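sequence and predicted structure are below.
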Amino acid sequence: EAAVTQSPRNKVAVTGGKVTLSCNQTNNHNNMYWYRQDTGHGLRLIHYSYGAGSTEKGDIPDGYKASRPSQENFSLILELATPSQTSVYFCASGDARLYYAEQFFGPGTRLTVL
Amino acid sequence: GDSVTQTKGPVTLSEGTSLTVNCSYETKQYPTLFWYVQYPGEGPQLLFKVPKANEKGSNRGFEATYDKGTTSFHLQKASVQESDSAVYYCVLGGRGSALGRLHFGAGTQLIVIP
């Protein structure tokens, strides 16, 4: 079974601190995605990647950076965390070569910024 | 741009009653439509997908028809169970896109009372 894992599962950070959320996938998918989930908004795309070394901005990239050092790993970085970034973050992978590709999601990271 | 609008939750039903979650979409392309389901503490997972207009998708007793004429993709189930309690997302995906982009609705929480 293909898998997407995230770490940590829960994180409490202080305002102004640096936070790194990590994601690993064993699906061998080229594409990876970072979303945040907030009540009333569904899932919103922050950053995505087509493969190792690439990162692209999604719909809400402000305040976030991303890093894709390998096919399997994709990180989301908050250089200066703010309380507005308190949310649940999901990583996903997908094979966009498929005509109607679905995405496979990790279990999420709950981030609280105090 | 692409967008999805779905029934605002929560929707509370008694076990054995029928479910309809309305979903409407806007796009200028020819999308694949998905329903994802999310259980507490987990990431969204695919319920089913329909890549072609006028076709029906189904899984676990849930079904939806991709209606291009009315730009709708309503989720239905004849008899819900307590285990169906979850958040349901109507999702629009672009076909043939290198990004494999998905557009999520805001989600509909279903609560089934035994």
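Perfect, thanks for sending it.

for the closest residue to A:G51 other than its chain neighbours, give its distance to A:T15.
Of all residues beyond its chain neighbours, the one nearest A:G51 is A:N30 (5.0 Å), with distances taken as CB to CB, 6 or more residues apart in numbering or on different chains. The way it works is simple: take the backbone N, C-alpha and C, and place the C-beta from them, glycine included. Relative to A:T15, A:N30 is positioned 36 Å away (CB to CB, to the nearest Å).

those two: which is more packed in?
Using other CB atoms under 10 Å in any protein chain shown, the more surrounded residue of A:N30 and A:T15 is A:N30, with 18 against 12.

below-threshold pLDDT in chain A: ranges please.
For chain A, applying pLDDT under 70 flags the ranges A:1-2, A:98-100.

quick one: the strands in it, in order.
A:4-7, A:10-13, A:19-25, A:31-38, A:42-49, A:56-57, A:65-67, A:73-78, A:87-94, A:103-105, A:109-113 (DSSP state E).

would a markdown table of those strands with distance to chain B be doable?
Listed next are the strands of chain A as a markdown table, based on distance: least, CB to the nearest CB, whole Å:
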| stretch | distance to chain B |
| --- | --- |
| strand A:4-7 | 7 |
| strand A:10-13 | 11 |
| strand A:19-25 | 11 |
| strand A:31-38 | 5 |
| strand A:42-49 | 4 |
| strand A:56-57 | 8 |
| strand A:65-67 | 14 |
| strand A:73-78 | 14 |
| strand A:87-94 | 5 |
| strand A:103-105 | 3 |
| strand A:109-113 | 9 |
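
the residue nearest to A:G51 contacts A:Y50, doesn't it?
Yes: counting by CB atoms under 8 Å, A:Y50 is a contact partner of A:N30 at 6.0 Å.

report the contact partners of the residue nearest in space to the middle of chain A.
Centroid-nearest residue in chain A, with CA atoms, centre = their mean: A:W34, separated by 2.6 Å. A:W34 is in contact with A:21, A:23, A:45-48, A:58, A:64, A:66, A:74, A:76, A:89-91, counting by CB atoms under 8 Å, 6 or more residues apart in numbering or on different chains.

try it again with 7 Å
Contacts of A:W34 were listed using CB atoms under 7 Å, 6 or more residues apart in numbering or on different chains, and they are A:I46, A:H47, A:A66, A:L76, A:Y89, A:C91.

with A:Q6 instead?
Here A:Q6 is in contact with A:L21, A:S22, A:C23, A:C91, A:G106, A:P107, A:G108, A:T109 (CB under 7 Å, 6+ apart).

B:L92 versus the closest residue to it other than its chain neighbours, what's the distance?
Leaving aside its sequence neighbours, A:Q6 sits nearest to A:G106 (CB to CB, 6+ apart; 4.1 Å). From A:G106 across to B:L92, the span is 22 Å (CB to CB).

which residues does the residue lying closest to A:K65 once chain neighbours are set aside contact?
Of all residues not flanking A:K65 in the chain, A:I77 sits nearest, at 4.3 Å (CB to CB, 6+ apart). Each residue near A:I77 by CB under 7 Å, 6+ apart is listed here: A:T20, A:Y64, A:K65, A:A66, A:S67.
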